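Q: Structure of the sequence below:
(2 chains)
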Protein chains: 2
Amino acid sequence: MPGFRYSPSAGGSGPARLREILGRASRPGVISFAIGMPAAELLPARQLAAAQQQVLPGNTAALQYGLPSVALKRQIVELMAERQVACGEDQVFLTSGAQQGMDLVARLFLGPGDTALMEDTVYDGIRLAAGRLTERLITVPTDTAAGIDVDAVASCLAAGAQPRLLYTIPNGHNPLGVTLSAARRQQLIALARRHELPVLEDDAYGALHYDGAPPPPLRALDPDWALYLGSFSKILAPSLRAGWLVVPEEMVSRLSPLKHGADLDTPSLSHHVVSAYLAAGHLAEHVARLRAEYRTRRDTMLACLAEHLPGELRWTRPGGGMFIWVELPPALDAADLLEEAIAGERVAFCPGAAFAVGESARARHGFRLCFATCTPEQIADGIHRLGRAVERALERVGVL
Amino acid sequence: MPGFRYSPSAGGSGPARLREILGRASRPGVISFAIGMPAAELLPARQLAAAQQQVLPGNTAALQYGLPSVALKRQIVELMAERQVACGEDQVFLTSGAQQGMDLVARLFLGPGDTALMEDTVYDGIRLAAGRLTERLITVPTDTAAGIDVDAVASCLAAGAQPRLLYTIPNGHNPLGVTLSAARRQQLIALARRHELPVLEDDAYGALHYDGAPPPPLRALDPDWALYLGSFSKILAPSLRAGWLVVPEEMVSRLSPLKHGADLDTPSLSHHVVSAYLAAGHLAEHVARLRAEYRTRRDTMLACLAEHLPGELRWTRPGGGMFIWVELPPALDAADLLEEAIAGERVAFCPGAAFAVGESARARHGFRLCFATCTPEQIADGIHRLGRAVERALERVGVL
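A: I've put the predicted structure just below:
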């Protein structure tokens, strides 16, 4: 076996224990709320198949190298207008899913020694993307009622930190479920302007709201410092790998060679399929259906949590997205509970450690439930099982 | 306008003059040999459309997040066996085109201060991928008759250079057209073993050979230090973004979190479509047809070059791939000639500067012609035009 000398900045092979546990969570018979997957039965497979047939075999240009789809960019401009974000095609940059947008923006702003600012409990993709470029990831807490702690951001900046980039998820936060309040959006943008701090807003869940639309995106408040990241993964289908950035036009010419180096600056066949789907006018009705179905699932999960979880636990009531965050008493470790829950009750969730940037007590004693993937019947069954697993764990540590 | 503070390692907005010229090359009426595009009329659009219908709407799992397609990995194992490379599914890592494989392997081995070794005139994607990670790109020349100068590699290593990675294109070199000789493959692998140097062999053109199959890939000679990079872009369709690595199994577990950070570790819908296409058994016949057609185009271009180009020019006679490399007399700059050729004769090529790693006289006075994209009739017309443009340029500088 050769002894390869890997670059330290490439990281290791990932947190083995967590991956191993989550591997077991995907076994047949386990009800899993662990992964942020859309409901398979709600994917618009038939309409996407029709969109594929619109593209092939007729449009061979869709198979070729070429420039990013102008048609899709125009459609995204229209979608953004519905969200009160005014932009032109030249400010839209197509990516291979939102994760690539994160990676490219991180590469644009971060190098060795640079500081990135993010929440201490947040989607792990930003930690993976930014953490390879710099070791300096500084964090602020998140209030589960109103979103990222903007006062903590202000203190951090006042204390002299000079982050090159701030990342946050304003709507349907992953994993905390919270939506950023309108007041905090204004405060955050004021800070971004004053400190010339680019804010990357990850809006993968913005269209999935259940109690009325969230406040307008940060980019609606500021077209300079707010960089918008969108995705069709949660509202159409993840494997299309269709995401986009809305950024100042000048930035597009810098993202383009970065994407060339990452996976070539070409439209995928998928982007043409997404464009054909949108041109057929299906999206609004489909998203309305997703909202209705996911609202039911959220409400079912909340009701079941109230019925089956002991009073020692707390959880969020998300107005959007796909996730509920559950907080355990400090005596219980979420990763331990997950092992017991899979082995004893065949139910799974994602322990908070997966989302921790650095040390985080919240992450250690909290976990994420995805309410989108399972049917209401599975949710009722699974949360019942979860309640039994939690009760046994609390007895074990002497809390019950 | 905000004054963004970009990371210096993100690079600039690319070589503006070249991009601008190549933009003009794509205008209607210009016969372009500039871009490495497969022939549009040879793309198997009808069979790929049928493969899409095999996948959707029936297989909704193909729309979801999930593990990389095991079916496609198995098919790649079979394709590799035909090339005399023995490997298992666990050594196959699916990527979003060969470029992503390059980017991920570069990230795995290169960090600030590390050295990467490559040819001085080579596909620019590796420069883009590696050059963002380290400034230390060292180069060796390439012999247009036998491939990368392995003696120069040996001298470089003997002199104490400690590259972390060597990149080369053994078959149908881009842009030089050369195929690495069997003897040099043995020598290169012996060096890789002795110096524990990972060699990334980019085999995007390996299946496209016109005078008999090339020698077996480096990975057939050494399953440890040779890292194999394959792609369906040139033999099926670029926009499918389907590439793969064959690497030691232990390396896969390190590539996986890197890909997660880059664009999430998910199969694309496209990978399922490629798998359905392969399962239908179309590939061998399609590649045979490509070989026959591209051989005709290569021969047409070579005959036209001999007929229309002045005796002061030299060019390669490629046994594979898609490119012929033309060398100008030192008095002529290829980028200047391109401007004249587009303006005066409406014919375009890709100037060598696009492929230069550092300073390279060869790159300055050479250019690449792609013989795959245009029909034989267009090739005859275009090379005739090119001959006229070259003659005028030689007159201008006083050589003719």
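
Q: where exactly do the strands run in the stretch 51-200 of chain A?
A: Assigned by DSSP state E, counting those that start in this stretch, the stretch 51-200 of chain A shows strands spanning A:92-95, A:115-119, A:136-140, A:142-143, A:147-148, A:163-168, A:199-202.

Q: Return the set of buried residues in the longest one.
A: In terms of neighbour count (16 or more other C-beta atoms under 10 Å in any protein chain shown), strand A:163-168 has its buried residues at A:163-168. (Each C-beta comes from the backbone N, C-alpha and C, glycine too.)

Q: Now do that strand against strand A:115-119, angle only.
A: Put simply, strand A:163-168 runs at 20 degrees to strand A:115-119, going by axes from the mean of the first three to the mean of the last three C-alpha atoms, to 10 degrees.

Q: Pairing partners for strand A:163-168, with directions?
A: Sheet neighbours of strand A:163-168, with direction, are listed as strand A:115-119 (parallel), strand A:199-202 (parallel) (DSSP bridges).

Q: re earlier: figure out which of the strands of the stretch 51-200 of chain A is closest to residue A:291.
A: Proximity to residue A:291, assessed across these by C-beta to C-beta, is greatest for strand A:199-202 (19.5 Å).

Q: Pull the distance from that closest one to the chain's centre.
A: Centre-to-centre, strand A:199-202 and its host chain are 11 Å apart (C-alpha atoms, centre = their mean, to the nearest Å).

Q: Please apply the same query to stretch A:333-349.
A: Taking C-alpha atoms, centre = their mean, the mean C-alpha location of stretch A:333-349 is offset from the chain mean by 23 Å.

Q: avg pLDDT for it?
A: Across stretch A:333-349, the average pLDDT comes to 95.

Q: Could I get the pLDDT score of the spatially most central residue of chain A?
A: By C-alpha atoms, centre = their mean, the mean C-alpha position of chain A lies nearest to residue A:174, the distance being 5.1 Å. According to the prediction, residue A:174 has pLDDT 97.

Q: picking that back up, and the buried residues of strand A:163-168, which two are the farthest apart?
A: A:164 and A:168 (14.8 Å).

Q: just the strands in the stretch 251-400 of chain A please.
A: Taking DSSP E, counting those that start in this stretch as the criterion, the stretch 251-400 of chain A contains strands spanning A:314-315, A:323-327, A:347-348, A:350-351, A:366-370.

Q: which strands and helices sit next to the first one?
A: What it means is strand A:314-315. Judged by 3 or more C-beta pairs under 8 Å, 6 or more residues apart in numbering or on different chains; DSSP states H and E, the packing partners of strand A:314-315 are strand A:323-327.

Q: hang on, the earlier thing: tell me the one of the buried residues of strand A:163-168 nearest residue A:206?
A: residue A:168 (12.6 Å).

Q: for the stretch 201-350 of chain A, what are the low-confidence residue spans?
A: Residue ranges of the stretch 201-350 of chain A with pLDDT under 70: A:266-267.

Q: closest point of it to chain B, which residue?
A: Nearest residue of the stretch 201-350 of chain A to chain B, counting by C-beta to the nearest C-beta: residue A:261, 3.2 Å away.

Q: quick one: that residue and residue B:125 touch, right?
A: Yes - counting by C-beta atoms under 8 Å, residue A:261 touches residue B:125, with 6.6 Å between them.
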